[in-house]
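Return a 3D structure for these sequence lines:
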Amino acid sequence: MLADIDESLVKVHALAGDCDKLMAAAGRLMAELTEIGAGRERRAEVCLRIARSLSEGDRGALAAQWIRQARALCDGMTDPGLCGWADAVAARCAIDEGDAAGAVALARSALAGADGAGRSAEAACEALEVIGRAERVRDTTAAAAAFESAYQIAAANDLPVRRIRAMHELGTIEMLEHAGSARLERARAEALACGAVSTVAVLDLQLANALSLGTDTEAALEAARQSMQAARRLRMHRVEAMALTAQACIAATRGDTDGMEAAARQAEQLAPDDQPVLLNVWGDARVTAAIVSNDLPAAAAASAEGIRHGRQERLTAPSMAWGYWALLGAVAGTGGRAAVAEARAMGAEVACWNRACLAYADAVLAGRNGKPKLAAELAERGRSVFADCAPWWNHFLRRLVAPAAMADGWGEPVAWLRLAASELDAAGYGRLASACRGMLRQAGERVPRQGRGSAPVPPALRELGITSREMDVFQLIGQGRSNTEIAERLVISPKTVETHVASLAHKAGLTGRRELVAYAARTSAAA
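The predicted model follows:
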């Protein structure tokens, strides 16, 4: 029958996340089900599947309409499984719209009637996922327990898509706790294999965020681009905007202010009223760009604008904007304690990067309060957290806290600045490196020479703006050496090598490392 065919199409389009094709098939299906006199239970179930997919595809208003239609069909029914699933889908839509409290109430109602089998199993998985997402902003242990329960129910009831979703959420916890990506990568592979395209788009976005804290920003950028492209095809506007925001953050980390601003503006144009998007555009991407440019007043202004948006949405705690807000407030000496308290109240410490920022902020406040020993211990705590998830960021943040450490007599600011100046200069962060040397001069300390390479730069490459240090890296790339091997050879960090590789590719007009390797090999052969 046509209804059976269209019902299969609805399931396929829902799994793929293609809301446009889903809506076309859904309209036909509902008309066909009415024409053949299908029961209310079947029609309600179809409505709920459509609503859930529309919510995931950023079509909240449409999803709400389908939920209302499903509830009207369920009116007077005594089937606890169907009623529970209606509550679970409504909970999913509520949390997607930012109503955490309403979502949890609906999710608990769904769980109360679930018996862990059949449709109730799906309802239980959905409800547990909603509860886990709400808990995630304050207690990752409780969130992980909810996601693990969902995983076990899905596995026991042969619900592969639900199992992948639970694995996805457990991977998100792994990312928050120590910027890990193993579970996210496994979930992505399984989602891709079963055709869950919309889930893959979200996973690529989270992988981009996790990888951006490490040394391989090329991989992070590629993941963000893949997420953006898939989301654009599926018209998942929030995911597309967040993927653009991720690209802006990566460009900011690389010191590419123009690239950052271009991606940030695209995200703003796509989602002009989306508070989480605007929080990350202002409070993360633009703050990072200002810090890398050594423009702390601009960083503070961007941070304030970001937090203005963040305050309007409870589920924004993992954003690094909150950690930046606390640290910049502490460093500036104006409202630092209030900013730290606000970040903690929002649940910012669920994310490892924010725990590190808050530890550095606490160190500055403790030093200013005449507690140098405690300040040093707190700064070491911040360093240790970043050492586990994003070692490179210690150079950025120590540059921020070093003046306070010098003024108040705690920590090892001179050693921090010398190391930061060397590493930042070698990685191409000239303004930050210069700022570090300037602080050393003001303190009467010996200033390390600006790092220089040893390789002569041929005229043709010099015209591209390639430096002597970049030429050192270029020659080793032409020999087929990996970033790790180059780092060991030049006695610099893999992150610094990665930055040089990105700079070389950009200056040579190439798209990435693979083209750069071929170009370097040809250049070496011709020399």
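
just checking, what packs against the helix or strand containing Thr141?
Following DSSP states H and E, one finds Thr141 within helix 140-156. Counting contacts by 3 or more Cβ pairs under 8 Å, 6 or more residues apart in numbering; DSSP states H and E, helix 140-156 is packed against helix 118-135, helix 160-178. Where C-beta positions appear, they are placed from N, C-alpha and C, glycine not excepted.

now the ones you listed in CSV, with mean pLDDT, mean neighbour count and distance to Glu190?
What follows is the helices and strands packed on helix 140-156, written out as CSV (pLDDT from 0 to 100; neighbours: other Cβ atoms under 10 Å; distance: least, Cβ to Cβ, whole Å):
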stretch, mean pLDDT, mean neighbour count, distance to Glu190
helix 118-135, 88, 25, 15
helix 160-178, 93, 22, 5
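
Can I get the ones you listed in a markdown table including distance to Thr257?
A markdown table is the format used below for those (distance: least, Cβ to Cβ, whole Å):
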| stretch | distance to Thr257 |
| --- | --- |
| helix 118-135 | 34 |
| helix 160-178 | 27 |
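
List the buried residues for the host helix or strand of Glu32?
Secondary structure assignment for Glu32, by DSSP H and E: helix 19-35. By 16 or more other Cβ atoms under 10 Å, the buried positions in helix 19-35 come out as Cys19, Lys21, Leu22, Met23, Ala25, Ala26, Arg28, Leu29, Met30, Glu32, Leu33.

Dump the C-alpha coordinates for that helix into PDB.
Output of helix 19-35 as PDB, limited to C-alpha atoms (Å, rounded to 0.1, in the frame of the first residue of the first chain):
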ATOM      1  CA  CYS A  19      13.500  17.600   7.100                       C
ATOM      2  CA  ASP A  20      12.400  18.900   3.700                       C
ATOM      3  CA  LYS A  21      11.900  15.400   2.300                       C
ATOM      4  CA  LEU A  22      10.500  14.200   5.600                       C
ATOM      5  CA  MET A  23       7.800  16.900   5.500                       C
ATOM      6  CA  ALA A  24       6.800  16.100   2.000                       C
ATOM      7  CA  ALA A  25       6.500  12.300   2.800                       C
ATOM      8  CA  ALA A  26       4.800  13.100   6.100                       C
ATOM      9  CA  GLY A  27       2.000  15.100   4.500                       C
ATOM     10  CA  ARG A  28       1.200  12.300   2.000                       C
ATOM     11  CA  LEU A  29       1.400   9.700   4.700                       C
ATOM     12  CA  MET A  30      -1.000  11.300   7.100                       C
ATOM     13  CA  ALA A  31      -3.600  11.800   4.300                       C
ATOM     14  CA  GLU A  32      -3.200   8.200   3.200                       C
ATOM     15  CA  LEU A  33      -3.600   6.900   6.800                       C
ATOM     16  CA  THR A  34      -6.800   8.900   7.200                       C
ATOM     17  CA  GLU A  35      -8.100   7.600   3.900                       C
END
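
Give the other helices and strands that it contacts.
helix 2-16, helix 40-56.

Could you tell me the least trusted of those helices?
For the helices and strands packed on helix 19-35, mean pLDDT drops lowest on helix 2-16, to a mean of 68.

What is the nearest of the buried residues of helix 19-35 to Thr141?
Cys19 (34.7 Å; Cβ to Cβ).

Can you read off the backbone torsions of the nearest residue to the closest one once chain neighbours are set aside?
Take Cys19 and drop its neighbours on the chain: the residue closest to it by Cβ to Cβ, 6 or more residues apart in numbering is Gly57, 4.1 Å away. Here is the backbone geometry of Gly57 (degrees, to the nearest 10): phi -90, psi 20.
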